[in-house]
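Colleague: after the sequence you'll find the predicted model.
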Amino acid sequence: MNKIILMTACVLVAVGAVLFIQVDDKPAPVSSTASKPASPVDNGGAQRPLIDRPFNDADSAAAGQQPSLPEEPVQPDTQADADEASDDAPLDQPVAADLSAWSVADAEPIQVDGVKGLAIQTDPAALQSLQVGQKVTLPIPDLQPLPEATIESTHSPLDGINVFKGGLNDGHPDDNVIVTRGEIDTIFVVSTSTGVYTAIVNNRTGQGSLVNEADVNARAVPIADGIEVAPVEMPLPERGQGS
């Protein structure tokens, strides 16, 4: 009997010890002042900005009406940068002045490679300034009024060679002029419904000649430059038997 009482007492002591340990490990209560949100007003009375508060319509309008500061122009670092910027700036293209391709230096005909022609004179600098959109008068005495062309296109098939093309104003739709400017000479080929004319001028001196291609073709008479071959008689083959 005493043994049973002793065991019961030991059990009660053990249970009491476990309850004491659990109570001792319970976390300390958090102070109510620590979880309280900070007031937007400091102790000194100065109001702090509410960072987390949403903007209302008045705030959005005020933010949109704030003046923007003007952007300062970017200054070039070096003189080379300034020069490059000035080169990239668009330039107004000057309107090309009307040009007279040449003038007849002498009304007396001259011989040009055995063909009758006219001596002409032109301005070498004007030939170098030829450009698309420019009107060019072509003084050909055989054509009245003097034909006028407008340069419509240009291309460079080879280095040092520029080709300009244009139609004749107030002429036949097929009338045109082709100007080929090389390193030494500039050649004008004027094609009209009444004839074809060729003018060749020197780029350095501006002197040249004008010829009518009809005169060139008239001089090109056929000549016998071949070897005549005597005819050879070829006997006909005999008929075969049974044919």
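Modeller: It's in.

Colleague: what strand or helix carries S153?
Modeller: Using DSSP states H and E, S153 falls within strand 148-158.

Colleague: which ones are touching F188?
Modeller: 101-102, 138, 177-179, 197-201 (C-beta atoms under 8 Å, 6 or more residues apart in numbering). Just so you know, the C-beta spots here come from the backbone N, C-alpha and C atoms, and that holds for glycine as well.

Colleague: if you could redo that for L127, that was the one I meant.
Modeller: 181, 186, 201, 203, 206.

Colleague: give the PyMOL command for selecting the buried subset of those.
Modeller: This is how PyMOL selects the buried members of the contacts of L127, with burial counted by 16 or more other C-beta atoms under 10 Å:
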select buried, resi 181+186+201+203+206
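
Colleague: tell me which residues in stretch 133-141 are buried?
Modeller: 134, 136-140.

Colleague: which of these sits closest to I227?
Modeller: In terms of C-beta to C-beta, no member of the buried residues of stretch 133-141 lies closer to I227 than I140, at 42.7 Å.

Colleague: do I have it right that that closest one meets T194?
Modeller: No: checked against C-beta atoms under 8 Å, the pair I140 and T194 is beyond contact range at 10.0 Å.

Colleague: would you put the C-alpha positions of the strand holding S153 in CSV?
Modeller: Listed next in CSV are the C-alpha coordinates belonging to strand 148-158 (Å, rounded to 0.1, in the frame of the first residue of the first chain):
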residue,chain,number,x,y,z
GLU,A,148,16.1,73.9,-124.8
ALA,A,149,16.4,70.8,-122.6
THR,A,150,15.9,70.1,-118.9
ILE,A,151,18.3,67.7,-117.3
GLU,A,152,16.2,64.9,-115.7
SER,A,153,18.7,62.2,-114.6
THR,A,154,22.4,61.5,-114.2
HIS,A,155,24.6,58.5,-113.5
SER,A,156,28.3,57.6,-113.4
PRO,A,157,29.0,54.4,-115.4
LEU,A,158,32.8,54.6,-114.8
